[in-house]
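# pasting the sequence and the predicted coordinates here, then a few questions.
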Amino acid sequence: MVESKIWERDPEYMAIIDDIKDHPFVVDLSLFPQHVNGNRQTHSYMVSYYSYRIAKSLGWNYRAVARAGLLHDLFYYKPGDLDFSHGNHLRNHPKIALINARLVTDLSAMEEDIIIKHMWLATAAMPKYKESFVVTFVDKYIAVDDFVRPSFSRMMKAFRVFVKTLVLPALKLNNKQSNNQQLEDAFEESLEELDKNE
C-alpha cells in the first residue's frame with residue numbers, strides 16, 4: 001500500500017500537517033512496529049493521508065482528518081508489552097494517543113473525537129462526526145491490508161513453487177506420452193513465466 005510516501009508529493013496536505021509532522025512525538029513513531037511490516041509512523045501517515053483525500057473529495061473537514069489521522073496512534077509501546085488495570089490495548093491506546101496529541105498541538109473537538117473514537121467497532125465508543133468514521137474505516141482498511149498483503153504474497157510464491165515443481169512437470173510428462181508439440185511449448189513458456197515472477 002505504501003506508494004513511496006505519496007503524501008510528501010501533496011503540498012496542500014503537507015502544509016496542513018507542517019506544524020506537527022516534525023514534532024518528536026510524531027517522528028519517534030518510526031521506532032515502533034505496527035501490525036506486520038511497517039512502523040507506526042508510516043501507518044499514521046497512511047491513515048492520515050488517505051483519510052484526508054476521502055474527506056476532501058466529499059467536501060468534509062479534511063484539515064481535521066489529516067491532523068487527527070496523523071496523531072491517532074500516538075503511543076509508545078508494543079501491544080502486549082503492557083498490562084492495563086482497566087481495559088486492554090484496543091480500549092486504552094486511543095486515550096493515551098489523545099493525551100499525547102494534546103501535548104503536540106491544540107486540538108479541535110472534532111480532532112479529539114477522531115483520535116479517541118478511531119477504534120470504534122473494536123470498542124463501543126461511537127464516533128460523533130462523519131470525519132471520525134472516515135479515519136476509523138481507513139485505519140481498519142490499512143491494518144487489514146498490512147496483514148493480508150504479505151500473507152497473499154507468500155501464498156502466491158508457494159503456489160508458483162507448487163505449479164513449477166509438481167503440476168507442470170506432471171503435465172509435461174503426461175504430454176510427452178501424447179507427443180503434442182503445442183502443449184510442450186506452452187509448458188516451457190509457463191515455466192519461463194514462473195521463473196520471471198519469483
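Perfect, I can see it now.
# all contacts plus neighbour counts: C-alpha atoms, from now on.
OK.
# hey, where'd the strands end up in the chain?
Under the criterion DSSP state E, the chain contains strands at 33-34, 38-39.
# rank these by pLDDT, which is bottom?
Within those, confidence is poorest for strand 33-34, with a mean of 58 (mean pLDDT).
# next one: the nearest residue to residue 45 once chain neighbours are set aside from residue 161, what distance?
Among residues not flanking residue 45 along the chain, residue 70 sits closest, at 5.5 Å (Cα to Cα, 6 or more residues apart in numbering). Computed as Cα to Cα, to the nearest Å, the residue 70 to residue 161 distance reads 40 Å.
# same check, this time on residue 53
Noted for residue 53: a distance of 39 Å to residue 161, by Cα to Cα.
# picking that back up, so what's the residue nearest to residue 45 up against?
By Cα atoms under 8 Å, 6 or more residues apart in numbering, the contact set of residue 70 is 26, 44-45, 47-48.
# and with 10 Å instead?
Applying Cα atoms under 10 Å, 6 or more residues apart in numbering, we find residue 70 in contact with 17, 20-21, 26, 40-49, 51, 64, 101, 115, 135.
# show me which of the residues you listed are buried.
Applying 16 or more other Cα atoms under 10 Å to the contacts of residue 70, the neighbour count classes 17, 20-21, 26, 40-49, 51, 64, 101, 115, 135 as buried.
# distance check, residue 13 against residue 19.
12 Å.
# more crowded one of the two?
For residue 13 versus residue 19, the count of surrounding residues by other Cα atoms under 10 Å is larger for residue 13: 19 against 12.
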